[in-house]
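K.L.:
predicted model, plus sequence, below.
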Amino acid sequence: MRLFCVAVLTISLATPTFADNWPSWRGPNNAGISAEKSIPAVWSLEKNLVWKLDLPGIGSSTPAIWGDKIFLTAEAPTGIVLMCVGTDGKLIWEKPLGTSSGKARGDEGNGASGSPTTDGKHVWAVSGKGELACFDFDGKQIWKTELEKVYGKFHYQFGMHMTPVLEGDSLYLMLIHSKPGLVISLDKTTGKEKWKIVRPSDGRDECEHSYASPVVWHGKDKSLLIVHGNDYTTGHELADGKEVWRVGGLNPKTGYNPTLRFVASPLAVEDLIVIPTAKNGPVVAIHPDGTGLIEAGNSVEVWRKLKGTPDVPSPLVKDGLVYLCGETGRLTCLDAKTGQEYYAQDGVRTRHRASPLYVDGKIILASRDGRFSVIAAGKKFELLATNKLPDDFTASPAAAGGRLYLRGFKALYAIGEK
C-alpha cells in the first residue's frame, strides 16, 4: 500500500492537472480564469522575467499551453507558422500553417490572430485565410482544410480572426461575414464536416462582419454552442446546430448603427451568459435556459445596460462580479446578479485589445503599448502595479505551470518568481 501511494503521488506530481494547463484562447472553459498561484504582480525585463523568446513575426494569438509545451502562431516571412515552444523557452518545432491574409487596421488585423487549441494530444490552429490544420505534439500534420475553398470566399472588412472552440470530439466554427452566416461542426480527428447550418440575420453593412469567436456554455445537464455576431447572439444544440434561442435588441432598429460589428466574445458561466456588443453599446446578461427570441423584458434576461460594452476585450466573470475592460483601459466592475456598478476606474489609459485575465486574486489588463495594469479582484478598485515591456501586445495573457505568459509582436515572455 505504501509503494502504491508513493507511485500515485509520483504520477500526480509528474502529470499536470487540467487547472495547470491553458488549452485555448481564454483557458479552461474559455473563461479567462486561471487557478495558478504565486504569480507576481510586478515584472519587467529586469524583474521576474524567467525567459524571453524572440518570435519570427507578429501575431495576436494567445498561446495554448499543455504540460511542458506552448503553442502559438506567427506571421513569419515565409507565411503563417505554428510554433511549439518548451516551457524552458526553447523552440521545439515550427511548421507552416498558411499564407498571410494581409494587414488590416495597421497591424492589428493580422493572419495570426486565431489562437491554437489543444486537448493534450493534438493541437488545432487556423490562419486568417481560413487554413485550418491539426498537428500532433511531435509536429506531424494529421489533417488540413481550407475553409475558403470549402465554404466560400471570406468577406470580412478587417480579416478573419475567429478561434474555433473544441468540445468533445468536435471543433466548432462560425463564419459570420457578408455571405449567409454559417455555423459549422467538424470532426476533430479527421476535419470532416459533421453538420453545417445557415444562421439568418437582418443585420446589414459592417454589422454583417463578426470578429468574435464561438464559446460553449456548460450547464448541469446540457451544453450549448454560443455564436455572436450580425446583431444577434444565438444558442445552438451541439449535436446538430439547431437554434434554441436568439438574443435581440443588441443593435436596435430605431437608431440603427450600421458599423456595430462585434469583436468581443460572450462569456458563459453555469448560470449566466454575459453578452457584449461594441463601441460602448449595450451589455446584456441572460440566464442560459431560454428559448426563442429574447429581447428587453424577457423573463430570462437578468439585466441590460444600454451602454458601456468593451469594443474588443471580452468580459470576465469571477466570484459574482463581472469585469469589463474598455478600449481605453477603463475597468468596470458590476454585480453579476443585478448589473449594479461598483466602480469604473482607469488602469493604464491607452488602447486595449487583449481580454482580461484573472489569476491569483488579480485582474491583469494588457495594453497595446506594452503596459500592464494589475488590479486587485473585488468590489473596490485597487491598482496593485503598472508594468512595462518593450513590445506591442494584442494577444490575451495566459497562465499555466506557475507562470504568466505574455505574447508580444516581437517576443514571448514568461513571467514568474525565479
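P.N.:
Thanks, I have it.
K.L.:
quick one: distance of stretch 72-88 to the chain centre.
P.N.:
18 Å (CA atoms, centre = their mean, to the nearest Å).
K.L.:
ugh, typo on my part, it should be stretch 161-173
P.N.:
12 Å.
K.L.:
residues in contact with the closest residue to residue 361 other than its chain neighbours?
P.N.:
Spatial nearest neighbour of residue 361, chain neighbours left out: residue 377 (5.4 Å); criterion: CB to CB, 6 or more residues apart in numbering. Quick note: C-beta positions are derived from backbone N, CA and C, even for glycine. With contact taken as CB atoms under 8 Å, 6 or more residues apart in numbering, residue 377 is in contact with 318, 319, 321, 358, 361, 362, 363.
K.L.:
what's the local residue count around residue 293?
P.N.:
Residues near residue 293, counting by other CB atoms under 10 Å, number 12.
K.L.:
a helix runs through it, doesn't it?
P.N.:
No: using DSSP: H, G, I helix; E, B strand; the rest coil, the assignment for residue 293 is strand, not a helix.
K.L.:
what bridges to it?
P.N.:
residue 246 (DSSP bridges).
K.L.:
my guess is it contacts residue 246. True?
P.N.:
Yes: Residue 293 is in contact with residue 246 according to CB atoms under 8 Å; the separation is 5.4 Å.
K.L.:
tell me which strands the strand or helix carrying residue 224 pairs with, and in which orientation.
P.N.:
Assessed by DSSP states H and E, residue 224 sits inside strand 223-229. Strand partners for strand 223-229, identified by DSSP bridges, are recorded as strand 215-218 (antiparallel), strand 232-237 (antiparallel).
K.L.:
so for that strand, mean pLDDT?
P.N.:
Mean pLDDT, computed over strand 223-229, is 98.
K.L.:
start the count at 24 instead of 1 going forward.
P.N.:
Let's use 24 as the start, then, which means that last one is strand 246-252.
K.L.:
if I pick residue 201, what's in contact with it?
P.N.:
178, 179, 231, 232.
K.L.:
what does residue 190 give?
P.N.:
239, 246, 248, 261 are the contacts of residue 190 under CB under 8 Å, 6+ apart.
K.L.:
skipping its backbone neighbours, what lies nearest the third one in space?
P.N.:
So that's residue 248. residue 259 (4.4 Å).
K.L.:
any idea how far that neighbour lies from residue 218?
P.N.:
10 Å (CB to CB, to the nearest Å).
K.L.:
swap in residue 78?
P.N.:
37 Å.
K.L.:
settle it for me: which of the two has more neighbours?
P.N.:
For residue 78 versus residue 218, neighbours defined as other CB under 10 Å are more numerous around residue 78 (23 against 16).
K.L.:
does the nearest residue to the more buried one once chain neighbours are set aside belong to a helix, a strand or coil?
P.N.:
Distances taken as CB to CB, 6+ apart place residue 97 nearest to residue 78, at 5.1 Å, with adjacent residues excluded. At residue 97 the chain is in strand, as set by three-state DSSP.
K.L.:
so for residue 97, what's the pLDDT?
P.N.:
Looking at residue 97, the pLDDT reads 97.
K.L.:
ok, it to residue 419 distance?
P.N.:
With CB to CB as the criterion, residue 97 and residue 419 are 16 Å apart.
K.L.:
which phi and psi does residue 51 have?
P.N.:
phi -60, psi 130 (degrees, to the nearest 10).
K.L.:
my guess is it meets residue 87, correct?
P.N.:
No: Residue 51 is beyond contact range of residue 87, at 11.3 Å (criterion: CB under 8 Å).
K.L.:
can you list residues touching both of those two?
P.N.:
residue 45.
K.L.:
higher neighbour count, those two?
P.N.:
residue 87 (27 against 17).
K.L.:
quick check: bridge partners of the more buried one?
P.N.:
residue 94.
K.L.:
contacting residues for it?
P.N.:
45-48, 93-95, 138-141, 146, 421.
K.L.:
tabulate the residues you listed (a markdown table), appending secondary structure.
P.N.:
Formatted as a markdown table, the contacts of residue 87 follow (three-state DSSP):
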| residue | secondary structure |
| --- | --- |
| 45 | strand |
| 46 | coil |
| 47 | coil |
| 48 | coil |
| 93 | strand |
| 94 | strand |
| 95 | strand |
| 138 | coil |
| 139 | coil |
| 140 | strand |
| 141 | strand |
| 146 | strand |
| 421 | strand |
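K.L.:
JSON lines please, covering those and showing neighbour count and distance to residue 373.
P.N.:
Output for those, formatted as JSON lines (neighbours: other CB atoms under 10 Å; distance: CB to CB, whole Å):
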{"residue": "45", "neighbour count": "27", "distance to residue 373": "26"}
{"residue": "46", "neighbour count": "23", "distance to residue 373": "30"}
{"residue": "47", "neighbour count": "25", "distance to residue 373": "27"}
{"residue": "48", "neighbour count": "26", "distance to residue 373": "23"}
{"residue": "93", "neighbour count": "28", "distance to residue 373": "27"}
{"residue": "94", "neighbour count": "25", "distance to residue 373": "29"}
{"residue": "95", "neighbour count": "26", "distance to residue 373": "24"}
{"residue": "138", "neighbour count": "30", "distance to residue 373": "23"}
{"residue": "139", "neighbour count": "27", "distance to residue 373": "28"}
{"residue": "140", "neighbour count": "23", "distance to residue 373": "30"}
{"residue": "141", "neighbour count": "23", "distance to residue 373": "32"}
{"residue": "146", "neighbour count": "23", "distance to residue 373": "33"}
{"residue": "421", "neighbour count": "28", "distance to residue 373": "21"}
